[in-house]
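Engineer: I would like to see how this sequence folds:
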Amino acid sequence: MDITYKPTLPNNPVPIVIFGAGGIVKDAHLPAYKQAGFQVHGIYNRTVAKAEKLAEQYSIPNAYATVEEAIADAPENAVFDLAVMPPQFVGILDKLPKNSHVLLQKPMGDDWDTTLAIRDACWRNGHQAAINCQLRFAPFTMAARDLIERGLIGDLHHMEVHVEVYTPWHLFPHIHGLPRVEIQQHSIHHLDIVRSFLGDPGSMYARTLKHPKQAELASTRTTMILDYGDDIQATILVNHGHEFGAKHQQSYIKWEGTEGAIKATMGLLKNYPDGVPDEFEYCLLPPEGSDQAPEWHRVDLEGSWFPEAFVGSMAQVMRHKEGSLDAMPTRLEDVMRTMACVEAAYASDAAGGTPVDYSFAVEG
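Structural biologist: Numbers count the residues shown, from 1 in each chain. Model (predicted):
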C-alpha cells in the first residue's frame, strides 16, 4: 500500500536564523535542516562558544553573541527559529522585524500567563508564528493521518498513547526546578497529537505524580482521559521511571476505527536520545461475512521523530511565508488550544477525584 508520510517542502526555501544552541538544536533542528537542504544563515547563543561550535560543525556562516547582532544581520527574507527557553521568547519577539515568520520551540510557555504573553507579543508585532509541536510531522504520525483521512480505518473512535520507559532526566537540567514537568514539558506532545486527530475535548481528567526515585522533579508519571462524549475514548498513560530493562517498555500511539486500526511504536523514547527503530502497523477488517481473520501489516517508513519531524515543522513556516500553505498546522492559535488542555489537566489534578464513600463498611 502506498502511504504518504513525508512533509511537502517549500518551493523556495529561505534563510533561517536560529536563537539557541542547546541539545535540541544540535540533535534535531540542525540535522533536519541539513537533511532538507535548508540554509541556516546564523545562530545565536548567550554562550557564544556553543554557537560557534555548532556553526563550525554545520558550516553555518555566522555565530552571534547577542540577539541584536543576530537580528541586524538577518537577511530580509529570513525566518526565525526560537529554540531558547520560553521566558526568553517575548523579549526576542519584540525585537524581531514586524510581521516576521517565526517557529517557537515547545512548550508555548511554562505556565498560562507566559503562554498569553507569548501570544500577545506575536499579535502586537504581526508575527506569523508556529509552535514546534513536531510530533505531528513524525513519519508514523503522518502515515497514520494519511490512512485515516483516506477513510481506510472507518470512523476513528479510540486513541491511546502509552509510554512506559526510563527517561534520563539528567539530560534536561533546566527543568529540574520547574513546578510543572511531565505534562507541561513532555505529555504536551501527546495531548497535541490527540487533539490533531480528534479535535478539542470537552473536558479533561488527569493525575500527575512524582516518582520515589525521581523526587527532584515535580512529576514524571501521568494518567489522562480526554472527554469526547460517549462514543470516543482517548487516554494517555505515561511513566518515565520504568527502570527494569527494555523487555516490557512501551512507547506507542494506537488508533482504532470502525473498520481498522493502526499502531505506531515511538522508538525514540525507549532509549532516549539514541532510540530504537520505530514500527508502523495497520490492520483492516475483512469484508463483512468473510471468514478471514484480521491481519496486521507492517510498513517500513524512512526516518523517525528525530530529526525528520523537525523538517515538517520548519517547512510549514516557509510554505506559509511563500504562500503555498494557507494555514500552518501548528500555528500559534491552534497550539493555544493544546495549552488550554494542559491547564485543564493541571486543574483536574489539583481538584482530585471523587471521594469513595466507605461508610457502609462500618461494623454495627
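Engineer: Past the one helix or strand M318 maps to, which element shows up next along the chain?
Structural biologist: Secondary structure assignment for M318, by DSSP states H and E: helix 308-322. Where DSSP H and E defines the elements, the next helix or strand beyond helix 308-322 is helix 332-351.
Engineer: Return the set of buried residues in that next one.
Structural biologist: 332, 334-335, 338-342, 344-346, 348-349 (16 or more other CB atoms under 10 Å). Where C-beta positions appear, they are placed from N, C-alpha and C, glycine not excepted.
Engineer: For that helix, which helices and strands make contact with it?
Structural biologist: Judged by 3 or more CB pairs under 8 Å, 6 or more residues apart in numbering; DSSP states H and E, helix 332-351 is in contact with helix 112-125, strand 128-132, helix 188-198, strand 203-209, strand 221-227.
Engineer: ok, and for the longest one, which residues are buried?
Structural biologist: Judged by neighbour count using 16+ other CB under 10 Å, the buried positions of helix 112-125 are T114, T115, A117, I118, R119, A121, C122, N125.
Engineer: ok, now stretch 199-218?
Structural biologist: Of all the residues in stretch 199-218, those buried under the rule 16+ other CB under 10 Å are P201, M204, Y205, A206, T208, K210, H211, Q214, L217, A218.
Engineer: Wasn't Y282 part of a strand?
Structural biologist: Yes - secondary structure of Y282 (DSSP: H, G, I helix; E, B strand; the rest coil): part of a strand.
Engineer: Just give the closest residue to it, not the sequence neighbours.
Structural biologist: Leaving aside its chain neighbours, Y282 sits nearest to I262 (4.8 Å; criterion: CB to CB, 6 or more residues apart in numbering).
Engineer: Next up, the contacts around M108.
Structural biologist: M108 is in contact with P86, T115, I118, R119, I131, L332, V335, M336, M339, counting by CB atoms under 8 Å, 6 or more residues apart in numbering.
Engineer: got the contact list for the fourth one?
Structural biologist: Okay, so that is R119. R119 makes contact with M108, L332, M336 under the criterion CB under 8 Å, 6+ apart.
Engineer: out of these, who's nearest S251?
Structural biologist: For the contacts of R119, the residue nearest S251 by CB to CB is M108; the value is 24.1 Å.
Engineer: What pLDDT does the model give the closest one?
Structural biologist: We have a pLDDT of 95 for M108.
Engineer: tell me, how many neighbours does F244 end up with?
Structural biologist: By the criterion of other CB atoms under 10 Å, F244 has 10 neighbours.
Engineer: What score does it have for pLDDT?
Structural biologist: 94.
Engineer: gap between it and G275?
Structural biologist: Counting by CB to CB, to the nearest Å, the separation of F244 from G275 is 19 Å.
Engineer: What of F140?
Structural biologist: In terms of CB to CB, F140 sits 13 Å off from G275.
Engineer: okay, those two: which has more neighbours?
Structural biologist: Under the neighbour definition other CB under 10 Å, F140 and G275 were set side by side, and F140 has more, 27 against 16.
Engineer: can you confirm that one is in a strand?
Structural biologist: No - read with three-state DSSP, F140 is helix and lies in no strand.
Engineer: neighbours of the closest residue to it other than its chain neighbours, just the number please.
Structural biologist: Using CB to CB, 6+ apart and skipping residues adjacent in sequence, the residue nearest F140 is A264, 3.7 Å away. Look at A264: counted by other CB under 10 Å, it has 22 neighbours.
Engineer: Past the lowest-mean-pLDDT helix or strand in the chain, which element shows up next along the chain?
Structural biologist: Here the helix or strand of the chain ranked lowest by mean pLDDT, DSSP states H and E is helix 23-24, holding a mean of 92. Using DSSP H and E, the helix or strand that follows helix 23-24 in sequence is helix 30-36.
Engineer: quick revisit: quick check: the residue nearest to F140 is in a strand.
Structural biologist: Yes - applying three-state DSSP, one finds A264 inside a strand.
Engineer: pLDDT (mean, whole number) over the helix holding M318?
Structural biologist: 98.
Engineer: Make residue 1 into 174 and carry on from there
Structural biologist: In the new numbering, first residue 174, that becomes helix 481-495.
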